[in-house]
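[1] structure of the sequence below:
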Amino acid sequence: MFFEKKTVRGAGSHSYSEICTPRKIYLKRCFMSILRCPVCRQPVETENRTLRCENNHCFDFAKEGYVNLLLSGKSGDDKGDNREMARSRRDFLTKGYFDPLANEIGECVRNYTDDGDAVLDICCGEGYYTDFLAQRFSRDFYGFDISKNMVRLAGKRHCSATFFVANISSIPVEDGSVKLAFHLFAPFHSQEFSRVLSDDGVIVTAVAGRNHLYGLKSVLYDTPYRNDELPPQAEGLELLEVRRAGGEITLNTREDIDALFRMTPYYYHTPSAGMVRLQSLESLSTEIEFVIYVYRKKHSE
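    Below you'll find the predicted structure:
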């Protein structure tokens with residue numbers, strides 16, 4: 001475990017973390033945000049609880065502290081995970097089951113960034129990993145997801161990060177503004193990731209290791225399979241390093257077993273016999289294994 005975060009004093013006797021709760025996040029971001037208007041891509045400033053660009057496109061902060069920058073006929077409520085699945089994921093991760101992965105992402109933050117650098121959590125879910133890192137490092141943290149249900153929970157974490165709803169294929173962030181982005185178990189858009197990274201920035205992505213959740217799969221399937229560990233198609237990026245994390249976890253409640261199951265793609269592709277076996281369990285032990293790939297931009301010689 002590591003802690004690098006420093007106390008930075010602001011107005012009066014308040015520390016940086018004390019003044020950066022989600023309900024006050026707009027105060028922090030008036031002139032230093034990397035966010036851009038999703039309509040015209042111009043810089044945005046904050047007026048009270050509203051982001052506004054020079055073309056008068058406005059986006060209000062929700063009471064939980066996040067802002068919806070998703071351009072769509074739909075609000076984001078019906079995109080991604082529903083509220084029950086979002087809460088289930090939050091409760092599972094908060095118990096620390098995947099902390100080996102969180103610690104490895106933290107090592108990347110330590111190695112590749114400095115105080116004040118922008119760090120972006122791509123497809124942040126309910127904000128667990130951003131919150132984990134924000135408690136340990138003095139960086140400028142951002143996180144987004146297409147699911148408003150997820151981002152709403154992230155905003156409730158009251159950490160020093162800006163959360164917003166957006167689409168991974170068109171991230172409303174300034175070109176070259178992100179020193180480190182991390183991206184866990186989600187679609188990989190190398191062109192868009194390269195656009196937001198600074199010239200010396202890195203993208204950290206994680207895939208399931210060969211033995212990840214093999215104990216769970218052994219319950220669900222008559223013939224369980226190992227994962228292939230294939231890295232993403234990272235056009236325009238070059239691999240810097242490969243890291244690994246893992247261990248074994250034991251889930252001793254039906255709540256935790258069900259929560260883990262809902263977080264996986266197996267939730268949608270499990271035969272009825274496997275469901276019966278899973279529902280009969282009172283505890284479950286399984287391997288967890290993560291492969292972390294770190295990329296940087298390719299620079300023409």
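
[2] ok, which stretches of the stretch 101-250 of the chain are strands?
    Listed from the start of the chain, the stretch 101-250 of the chain has strands (DSSP state E, counting those that start in this stretch) covering 118-122, 140-145, 161-165, 178-184, 197-208, 237-251.

[3] name the helices or strands packed onto the third one?
    Looking back up the chat, that one is strand 161-165. Contact here means 3 or more CB pairs under 8 Å, 6 or more residues apart in numbering; DSSP states H and E; on that basis strand 161-165 packs against strand 67-68, helix 128-134, strand 140-145, helix 148-155. C-beta: built from backbone N, CA, C; applies to glycine.

[4] now the angle from it to helix 148-155?
    Interaxial angle, strand 161-165 versus helix 148-155 (axes from the mean of the first three to the mean of the last three CA atoms, to 10 degrees): 170 degrees.

[5] how far off centre is strand 161-165?
    Centroid displacement of strand 161-165 relative to its chain, using CA atoms, centre = their mean, to the nearest Å, is 10 Å.

[6] ok, stretch 210-223 next?
    25 Å.

[7] tell me, how many residues neighbour Arg157?
    Applying the criterion other CB atoms under 10 Å, we find 24 residues in the vicinity of Arg157.

[8] which residues touch it?
    With contacts defined as CB atoms under 8 Å, 6 or more residues apart in numbering, the neighbours of Arg157 are 22, 126-127, 130-131.

[9] swap in Phe164?
    Contacts of Phe164 by CB under 8 Å, 6+ apart are 35, 66-69, 142-144, 151, 172.

[10] with Asp199 instead?
    176, 297, 299.

[11] now the buried members of those residues.
    Under a neighbour-count criterion of 16 or more other CB atoms under 10 Å, the subset of the contacts of Asp199 counted as buried comprises 176, 297.

[12] inside helices: which ones of the contacts of Asp199?
    Counted as lying in helices by DSSP state H, out of the contacts of Asp199, is not a single one.

[13] looking at the strands of the stretch 101-250 of the chain, which is closest to Asp228?
    Taking CB to CB, strand 197-208 is the member of the strands of the stretch 101-250 of the chain nearest to Asp228, at 8.8 Å.
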